[in-house]
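[1] Sequence plus predicted model, see below.
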Amino acid sequence: MKNNTNIDNQLIESKKTFVFDEYSCPVTATMKVLGGKWKPILINAIYHTAPARFGELKRSVIGITQSMLTQQLRELEDDGIISRKIYAQIPPKVEYTLTEFGLTLAPVIQTMANWGLEYKLNKQKV
């Protein structure tokens, strides 16, 4: 019989068990908001050009269709990341800005941009 049974039990209890699933993983929650081809690009574009108008976004985000732009903006608005301000004028004017909560993504997007630059440089070296 060991003299260190209490110490052994403490070591076993101190080991953490990680469970990763789609419901409890915080990375999954983040990717539900940021996931996809266009959302990070749109968040970055709105961050740098706010207030951003629909037409400006359509011109500056190369390759996005009008229907995809509309869908992605609606989803970001539903998630509380961007706000939409509608001006009652003719022609209608709509501006998009990041909400206070959306601005908390700025360091995440910047980190992603920095990582992407490093990745591109490393791929060019190979």
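    Received the coordinates, thanks. Predicted model only: the values in this text are computed from it and were never measured.
[2] Which residue lies nearest the spatial centre of the chain?
    Central residue of the chain (Cα atoms, centre = their mean): Leu34, 3.2 Å from the mean position.
[3] Now name the helix or strand holding the residue lying closest to that residue once chain neighbours are set aside.
    Distances taken as Cβ to Cβ, 6 or more residues apart in numbering put Pro40 closest to Leu34, at 5.5 Å, once the chain neighbours are dropped. In short, each C-beta sits where N, CA and C put it, glycine included. Assessed by DSSP states H and E, Pro40 sits inside helix 39-49.
[4] Name the next helix or strand downstream of that helix, please.
    Assigned by DSSP H and E, the successor of helix 39-49 is strand 52-53.
[5] Name the residues of the following helix or strand past that next one that come out as buried.
    Heading C-terminal from strand 52-53, the first helix or strand you meet, by DSSP H and E, is helix 54-60. Neighbour counts using 16 or more other Cβ atoms under 10 Å place 54, 57 of helix 54-60 among the buried residues.
[6] Quick one: distance of helix 54-60 to the chain centre.
    20 Å (Cα atoms, centre = their mean, to the nearest Å).
[7] which outside residues touch it?
    The contact list for helix 54-60, computed with Cβ atoms under 8 Å, 6 or more residues apart in numbering, reads 42, 45-46, 49, 64, 66, 69, 73, 94, 96.
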